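1. Got a predicted structure here, sequence first:
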Amino acid sequence: MTNNSLDFSSAAMEVKEVVVIVKWSGKEYPVDLTDQDTVEVLRHEIFRKTQVRPERQKLLNLKYKGKTAPDNVKISALELKPNFKLMMVGSTEADIEDVQSLPDDIGEVVDDFDDAEEREESVENSAVYLAKVQRRVRDYKIKELAPPREGKKLLVLDIDYTLFDHRSPAETGTELMRPYLHEFLASAYEDYDIVIWSATSMRWIEEKMRLLGVTTNENYKVMFYLDSNAMISVHVPERGVVDVKPLGVIWALYKQYSSSNTIMFDDIRRNFLMNPKSGLKIRPFRQAHLNRGTDQELLKLSDYLRKIAHNCQDFNSLNHRKWEHYHPKKNS
């Protein structure tokens with residue numbers, strides 16, 4: 001199975017959808033799962049809904065063989081009734097922004113599954129995860145800011161530490177903007193439709209794009225934004241449950257794009273787990289006050305994007321890990 005022919009129908013036949021209603025703090029939160037997900041995944045999805053961390057959740061009536069259900073048990077084994085109501089007790093963190101953002105020390109230490117491309121069979125083509133992508137395609141509503149253009153390739157960009165240093169202190173957003181951002185976007189726009197995908201809320205995406213002057217720049221347009229709700233959860237042995245950005249959500253809705261003409265920039269490699277060959281890990285932009293005078297990553301990547309757009313017919317043939325050494329004559 002390839003990225004260009006995701007078999008959502010067969011995935012749906014193999015995996016059943018399950019909805020659990022979580023009752024917490026006087027409100028009810030529907031949580032979408034599959035019967036092949038585990039209790040660990042359920043806790044992760046509850047965290048996404050409520051911001052109560054998994055280790056702080058007490059799931060009062062979730063039982064397995066008469067005892068509290070352990071994290072490694074599959075939902076199918078719990079034999080839950082349709083729209084089962086789960087009682088939860090737990091406290092949220094005080095600072096929602098800090099909860100949604102990755103810790104400062106996670107980037108180089110925890111982040112990178114350097115064997116991401118070798119996980120394709122177990123992650124990218126897993127029926128469980130394809131079913132989750134199908135659900136995003138069905139339920140996630142995209143607010144289109146600019147129409148797709150015929151014949152253009154697709155560039156998907158992260159925000160935090162990719163285009164913007166969201167941790168360093170500053171008086172204005174432009175002080176935290178990665179150098180050459182607008183030049184980079186204007187150059188890319190000549191050959192690519194641009195999508196912004198951040199693991200935060202839509203509110204913060206819109207605010208950051210406004211602060212950076214992206215929404216009003218006349219030299220390029222962003223086609224749409226995707227937020228954390230478009231991501232899916234994936235279980236990997238070393239890390240547990242993590243959220244990833246499946247490009248299949250875009251490809252299913254916009255048929256002109258596929259793995260053959262899409263490239264995605266992110267400072268966190270695990271976000272590429274569903275599409276490892278389409279991802280390029282950008283060097284994180286941190287400590288803007290120290291590095292904005294020397295950082296030239298976007299300037300160099302502009303050149304790479306231009307070269308592959310004009311000289312490569314199928315991006316599947318590229319190795320983005322070696323982007324700095326790409327030469328059209330040698331790689332065409």
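-> The structure has been received and is ready for your questions. Numbers count the residues shown, from 1 in each chain.

2. What pairs with the host helix or strand of residue 29, parallel or antiparallel?
-> In the assignment (DSSP states H and E), residue 29 maps to strand 27-34. Note on strand 27-34: by DSSP bridges, its sheet partners are strand 17-24 (antiparallel).

3. can you pull the buried residues of the partner strand?
-> 18, 20, 22, 24 (16 or more other C-beta atoms under 10 Å). In this view, the C-beta of every residue, glycine as well, is placed from N, C-alpha and C.

4. roughly how far apart are residue 138 and residue 87?
-> Distance of residue 138 to residue 87, computed by C-beta to C-beta, to the nearest Å: 29 Å.

5. and what of residue 167?
-> 37 Å.

6. before we move on, what about residue 57?
-> 11 Å.

7. swap in residue 324?
-> Taken as C-beta to C-beta, the span from residue 324 to residue 87 is 53 Å.

8. before we move on, what about residue 251?
-> For residue 251, the distance to residue 87 equals 39 Å [C-beta to C-beta].

9. more crowded one of those two?
-> Set residue 251 next to residue 87 and count neighbours by other C-beta atoms under 10 Å: residue 251 wins out with 22 against 13.

10. would the more buried one count as being in a helix?
-> Yes. Counting by DSSP: H, G, I helix; E, B strand; the rest coil, residue 251 falls inside a helix.

11. domain parsing for the protein?
-> Domain assignment for the chain by automatic domain parsing gives 9-100, 106-331.

12. Can I get those domains in JSON lines including mean pLDDT?
-> Below are the domains of the chain laid out as JSON lines (pLDDT from 0 to 100):
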{"stretch": "domain 9-100", "mean pLDDT": "85"}
{"stretch": "domain 106-331", "mean pLDDT": "88"}
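
13. and among those domains, the most buried is which?
-> For those, ranked by mean neighbour count under the definition mean count of other C-beta atoms under 10 Å, the leader is domain 106-331 at a mean of 17.

14. the helices in this structure, which residues?
-> 8-14, 39-50, 96-100, 106-109, 127-139, 181-189, 202-211, 248-253, 288-291, 297-311, 328-331 (DSSP state H).

15. nearest to residue 146, of those?
-> helix 181-189 (9.9 Å; C-beta to C-beta).

16. for the closest one, packing partners?
-> helix 297-311 (3 or more C-beta pairs under 8 Å, 6 or more residues apart in numbering; DSSP states H and E).

17. How far off centre is the helix it packs on?
-> 22 Å (C-alpha atoms, centre = their mean, to the nearest Å).

18. just to revisit the earlier point, may I have the strand holding residue 29 exported as CSV, CA atoms only?
-> Provided in CSV are the C-alpha atoms of strand 27-34 (Å, rounded to 0.1, in the frame of the first residue of the first chain):
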residue,chain,number,x,y,z
LYS,A,27,-19.3,18.4,31.6
GLU,A,28,-19.3,15.5,29.1
TYR,A,29,-16.6,15.0,26.5
PRO,A,30,-17.1,12.5,23.7
VAL,A,31,-13.9,10.6,22.9
ASP,A,32,-13.5,8.9,19.6
LEU,A,33,-11.5,5.6,19.6
THR,A,34,-11.2,2.3,17.8
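
19. quick one: that strand to helix 127-139, angle?
-> 130 degrees (axes from the mean of the first three to the mean of the last three C-alpha atoms, to 10 degrees).
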